[in-house]
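Trainee: I'd like to go over a predicted model; first the sequence, then the structure.
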Amino acid sequence: MGAISTKVIRTRRYIAPAGLALAFLWMPSLAQAHVMDGPLGGFGSGFGHPLAGPDHFLAMLAVGLWGAQMGGRSVWTLPATFPLVMCLGGVAGMLEILPSSIVQAGIAISVLTLGAAIAAAWKAPEWVALGLISAFAILHGIPHGALAPRASDPAAFTVGFVVSTGVIHVVGIGIGAALKSVAHGKLVQALGATIALAGMWFLLALVLG
């Protein structure tokens, strides 16, 4: 019990700098927040959509972070699976088969869960991790798919959000790989804890709003 408490205390030391790092990473997301306000175009609008919401951005970043943290095949299987399955979610979004409230709650839960997995340094079996990633990818694909028919070029819009998702994954992998050996991985765990807190905030905002 004492060993666990000591690990928690050590990890907490890195939460503040991790929060500042995430705030810096959020800046492009905040700068792009206007992208969805006007008429939707093609590739550019699609590329901007994952950046337009911190919930999308953090979940996609977390996929890359978690893959890098787990190591082995997960470094590429997790980030490769997410955008591919997200396209299926896009089809579901076009068909409007799930209420928006359920989708938004699921997206918030995805941020919370992925952040918690990183914070706990959970080395999940690959099939479990891929199952979680796939479920979350469908949820994140639904809002993108719902917007695609409104775009002037739906195909280019779809390619744009898939490419943007991949770029965010690569950023997450890069951060995870660069920080994996720093403070015995505690900084990566602190980033995960910060992401989980953000997910909890998103969920509370939905419940209380």
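Mentor: Structure's in. What do you need? Computed from a prediction, not measured in an experiment: that's the story for all the values here.
Trainee: quick one, longest helix in this structure?
Mentor: Taking DSSP state H as the criterion, the chain has its longest helix at helix 154-179.
Trainee: quick check: next helix or strand after it?
Mentor: Note on helix 154-179: by DSSP states H and E, the next helix or strand toward the C-terminus is helix 186-208.
Trainee: now that following helix and helix 154-179, what's the angle there?
Mentor: Orientation note: helix 186-208 sits at an angle of 140 degrees relative to helix 154-179 (axes from the mean of the first three to the mean of the last three Cα atoms, to 10 degrees).
Trainee: give the buried residues for helix 186-208.
Mentor: Neighbour counts using 16 or more other Cβ atoms under 10 Å place 186-200, 202-203 of helix 186-208 among the buried residues. Quick note: C-beta positions are derived from backbone N, CA and C, even for glycine.
Trainee: just to revisit the earlier point, state the mean pLDDT of the longest helix of the chain.
Mentor: Per-region confidence: helix 154-179 scores 93 on mean pLDDT.
Trainee: so what secondary structure elements neighbour that helix?
Mentor: The criterion is 3 or more Cβ pairs under 8 Å, 6 or more residues apart in numbering; DSSP states H and E, and the helices and strands that helix 154-179 contacts are helix 43-52, helix 54-70, helix 74-95, helix 126-147, helix 186-208.
Trainee: separation between the residue positioned nearest the centre of the chain and P50?
Mentor: Central residue of the chain (Cα atoms, centre = their mean): A59, 1.1 Å from the mean position. Using Cβ to Cβ, to the nearest Å, A59 is found at 9 Å from P50.
Trainee: swap in L203?
Mentor: 19 Å.
Trainee: do the same with I138
Mentor: 15 Å.
Trainee: more neighbours, these two?
Mentor: Shown here are I138 and P50; by other Cβ atoms under 10 Å, P50 has more neighbours (29 against 24).
Trainee: distance of that one from F161?
Mentor: Distance of P50 to F161, given as Cβ to Cβ: 6 Å.
Trainee: list residues touching both of the two?
Mentor: Residues touching both P50 and F161 (Cβ atoms under 8 Å, 6 or more residues apart in numbering): H144.
Trainee: list the contacts of stretch 159-174.
Mentor: Residues from elsewhere that reach stretch 159-174, judged by Cβ under 8 Å, 6+ apart: 25, 42-51, 57, 60-68, 75, 79, 82-83, 86-87, 144.
Trainee: returning to that earlier point: wait, the residue nearest to the centre of the chain sits on T113?
Mentor: No: with contact defined as Cβ atoms under 8 Å, A59 does not count as touching T113 (9.1 Å).
Trainee: shared neighbours, these two?
Mentor: The contact sets of A59 and T113 overlap at F136 (Cβ under 8 Å, 6+ apart).
Trainee: for T158, what are its contacts?
Mentor: Contacts of T158 by Cβ under 8 Å, 6+ apart are G46, C87, G90, H144, A148.
Trainee: thank you kindly, that will do.
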